[in-house]
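Participant: Fold the stuff below for me.
(2 chains)
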Amino acid sequence: MSISVAMTVNGKAVSGKVEARTLLVQFLREHLGMTGTHVGCDTSQCGACVVDVDGKSVKSCTILAVQAEGSKVITIEGLAESPDKLHPMQEAFRENHALQCGFCTPGMVMSAIDMVKRHNYQLDEATVRRELEGNLCRCTGYHNIVKAILAAAPAMKSAGV
Amino acid sequence: MYDFTYHRPKSVADAVKLLKDKPEARAMSGGMTLIPTLKQRLARPSDVVDLGAVKELSGIKIEGANVVIGGMTKHADVATSADVKAAIPALAHLAGHIGDPQVRNRGTIGGSVANNDPAADYPGAVVALNATVTTNSRKIPADEFFKGLFETALADGELITSISFPKAEKAAYMKFPNPASRYAMVGVFVAKTASGVRVAVTGAGGCVFRVKAMEDALAKNFSSAAIKDINIPADGLNSDIHGSAEYRAHLVGVMARRAVDAANK
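Facilitator: Residues are numbered from 1 along each chain as shown, chains lettered A, B, ... in the order given. Next comes the predicted model:
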């Protein structure tokens, strides 16, 4: 059964025809061609598919596209101000070499931004590690990811994002 | 995932009508269990009735000596609610340790309780606090609600609208989480309320259960020392790749003592 769905993705109005069972991540990747959001485990454990829906961090492999009808969605593609100016979290990941193969990175960055905002830009290492429980890095590169998030928190605050 | 017909009703009445009219329909609250179940083709509903737009089902209220939480209230909202933290901090703590931040942003209390996963956290709180489950048609006491593995007193098409938790004098929840899923290998909720002391165990068996011997001992002396010699028989407890029945039986004692100590802090 085909259903019309419309939402805002990274500030742009988008719409399409989906099946009821189409996942939000499928809509983003296969319908809109935005392949920055990754599918790692497809079982809501790894967090590679994390996006922001109406201000809440969610796993886009475990929400139907139709459930996001009318929502404001932010994906990894919507973070950088311009191709030359990364979001402070992306910049911190680059500076701290917070990625190895890079597959988990989009979800890590999205979860990291959400966690910094929820903790009002003030985080310690233990909090970051606990808050990352929904994101898996199978290269086990957590150490630099934690360093990057701790570095990005004040940078996000001073950049006002 | 097999395809289905999707509905997004705006009221409880419309949702109940859809569920009654379509015998193979399933209600979806946060979808944190239902969507993975559909993906694995373990369920094949003809229709999915998404409760996400039913505004009347969300929210937290204090009504006299009770905290009343709407069925569609998200775990993240219970975990961060000033009202819940003030009235029953153990309940906020429990909600804040379900799954991960993303799951807590979608998963709901009503969905968790209605699903009655043997390793879910909320059933422990519902039973230990002697909560009352309100549905679209009646009120069900905690002791009559959970019937067995994934089985509850809910009839077909019956929806949880809210759950009312009596405030506790003392309460704490301690769980030994599976390190991958965060589901409870064993979780023990200990509560001292106006109706007495209750000890509810989740994760260890097919369904949440109470430990009468611990409740009696704690009623006389609410300290971990009072239950240190009470052992739980391993018979009938869950045994899987994560832990044997004997291991879980041992954990019940450990988690119960830690919960009592935490409740006394």
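Participant: Can you tell me which residue is spatially central in chain A?
Facilitator: Computing the C-alpha centroid of chain A and ranking residues by C-alpha atoms, centre = their mean puts A:M110 first, at 2.9 Å.
Participant: pLDDT score assigned to the closest residue to B:E24 other than its chain neighbours?
Facilitator: Of all residues not flanking B:E24 in the chain, B:S46 sits nearest, at 3.9 Å (C-beta to C-beta, 6 or more residues apart in numbering or on different chains). To be clear about C-beta, it is placed using only N, CA and C from the backbone, and glycine gets the same treatment. Looking at B:S46, its pLDDT is 97.
Participant: Can you pull the phi/psi pair for B:S46?
Facilitator: phi -70, psi -30 (degrees, to the nearest 10).
Participant: quick one: it and B:L19 touch, right?
Facilitator: No: using C-beta atoms under 8 Å as the test, B:S46 is too far from B:L19 to be in contact (11.3 Å).
Participant: The two: which is more packed in?
Facilitator: A direct count of neighbours by other C-beta atoms under 10 Å in any protein chain shown for B:S46 and B:L19 places B:L19 higher, at 21 against 13.
Participant: separation between that one and chain A?
Facilitator: Distance check for B:L19 against chain A: by C-beta to the nearest C-beta, to the nearest Å, it reads 16 Å.
Participant: And that residue, how close does it get to A:I3?
Facilitator: Going from B:L19 to A:I3 by C-beta to C-beta, to the nearest Å gives 20 Å.
Participant: Likewise for B:I227?
Facilitator: B:I227 sits 55 Å away from A:I3, going by C-beta to C-beta.
Participant: Those two: who's more crowded?
Facilitator: Using other C-beta under 10 Å, the more surrounded residue of B:I227 and A:I3 is B:I227, with 24 against 16.
Participant: The more buried one: what's it in contact with?
Facilitator: B:I227 is in contact with B:213-214, B:217-218, B:253, B:256-257, B:260, counting by C-beta atoms under 8 Å, 6 or more residues apart in numbering or on different chains.
Participant: What remains of those residues if I keep only buried residues?
Facilitator: B:214, B:217-218, B:253, B:256-257, B:260 (16 or more other C-beta atoms under 10 Å in any protein chain shown).
Participant: excluding its backbone neighbours, what's nearest B:K220?
Facilitator: Leaving aside its sequence neighbours, B:K220 sits nearest to B:A226 (C-beta to C-beta, 6+ apart; 6.8 Å).
Participant: correction: A:T35
Facilitator: In space, A:T35 is closest to A:R29, 5.2 Å off (C-beta to C-beta, 6+ apart).
Participant: just A:E125 next, same as before
Facilitator: Setting aside the residues directly before and after it, A:E125 is nearest to A:V146 in space (C-beta to C-beta, 6+ apart), at 6.0 Å.
Participant: Which of the three states applies to that neighbour?
Facilitator: Assigned with DSSP: H, G, I helix; E, B strand; the rest coil, A:V146 falls in the helix class.
Participant: what about B:R198, which helix or strand?
Facilitator: With elements taken from DSSP states H and E, the one containing B:R198 is strand B:196-202.
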